[in-house]
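# Dropping the sequence and predicted coords here.
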Amino acid sequence: MTDTQASNPIEQSAAAALQPRYLDDLAVGDQFKSGEHAMDEAQIKAFAAQFDPQPFHLDDTAARATLFGGLAASGWHTAAITMRLQVTSGLPIAGGIVGAGGELSWPRPTRPTDVLHVVSEVVQIAPSKSKPDRGMVTVRSETRNQHGDVLQVSTVRIVVPRQPGTGAVAAA
C-alpha cells in the first residue's frame, strides 16, 4: 500500500490509480473511486429496448403511473455502467475483474439526469490454499449519483492474481 492510499484511500493520485493491483498489494479497507458517467433519457431507453423492455424504462408518461414515478434506468443498465466504470477507472485489478459471485441491490432508481460514480472498498482477502498464484477478494461497491445518493450496492467476490513469481514459485 502506498503512502497516498494509507493517508487518504479515496483520493489516490492518478498515477497510483492506474497501477494494476495484485493480491498482495491490497488490504482490507482499501478504497477506490471511479470516474463519472452521465446518464440521459436516450441511453436509458436504448438499453431498455434491447435488454429490459418494460414501460417504466421506455416511456416517461407510462413510468409516472408506476412506483418509480418517472423514467428509471434498468437495474441491469446501472450494473453494466458500474462494471464499465470499475474496469476503466475504479478498480485496478491486475488481469481484469473476474467475478466469482456476489449480491446486488438497487435501493434507489437511476434517473436520466444522474451522473454516476462508484466507490469500492476491499472487505475481505483470502489467498487460495489450492492455487497459490491467486486469491479471492470481496469488494463492496456503491454506485452513487451526483448528490451522493446510493443507487446500487454490490458485494462481489473476485479472483485476483498474485504478483508473478510470488505464487506457485514461492510455494515450491
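Perfect, thanks for sending it.
# going forward, measure contacts between C-alpha atoms and count neighbours the same way
Noted.
# what ranges do the strands span in the chain?
For the chain, the strands defined by DSSP state E occupy 31-33, 37-38, 98-105, 115-127, 134-144, 150-161.
# now the chain, which segments are flagged as low pLDDT?
Applying pLDDT under 70 to the chain flags residues 1-17, 167-172.
# any idea where the helices of it begin and end?
In the chain, the segments counted as helices under DSSP state H are 3-7, 14-18, 41-51, 55-58, 60-64, 75-85, 168-171.
# wait, which of these is closest to residue 111?
Nearest to residue 111, of all these, is helix 41-51, at 8.1 Å by CA to CA.
# what's that closest one packed up against?
Counting contacts by 3 or more CA pairs under 8 Å, 6 or more residues apart in numbering; DSSP states H and E, helix 41-51 is packed against helix 55-58, helix 75-85.
# what's in contact with the first one?
Okay, so that is helix 55-58. With contact meaning CA atoms under 8 Å, 6 or more residues apart in numbering, helix 55-58 is reached by 44-45, 48-49, 62-64, 66, 68, 70-74.
# Put the alpha carbons of it into PDB.
Output of helix 55-58 as PDB, limited to C-alpha atoms (Å, rounded to 0.1, in the frame of the first residue of the first chain):
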ATOM      1  CA  PRO A  55     -42.700   0.600 -19.700                       C
ATOM      2  CA  PHE A  56     -41.000   2.300 -16.800                       C
ATOM      3  CA  HIS A  57     -37.700   2.100 -18.700                       C
ATOM      4  CA  LEU A  58     -39.100   3.100 -22.100                       C
END
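# Tell me how far it lies from the chain's centre.
24 Å (CA atoms, centre = their mean, to the nearest Å).
# measure the nearest residue to residue 23 once chain neighbours are set aside to residue 28 for me?
By the measure of CA to CA, 6 or more residues apart in numbering, the closest residue to residue 23 outside its immediate chain neighbours is residue 162, 5.0 Å from it. Distance of residue 162 to residue 28, computed by CA to CA, to the nearest Å: 16 Å.
# Between those two, which is the more surrounded one?
A count of neighbours by other CA atoms under 10 Å puts residue 162 above the other of residue 162 and residue 28, at 20 against 13.
# My guess is the more buried one contacts residue 20. True?
No. Using CA atoms under 8 Å, residue 162 makes no contact with residue 20, being 11.2 Å away.
# how about the nearest residue to residue 106, chain neighbours excluded?
Distances taken as CA to CA, 6+ apart place residue 152 nearest to residue 106, at 4.4 Å, with adjacent residues excluded.
# ok, what's across the strand from the one you found?
Beta-bridge pairing of residue 152 under DSSP bridges involves residue 143.
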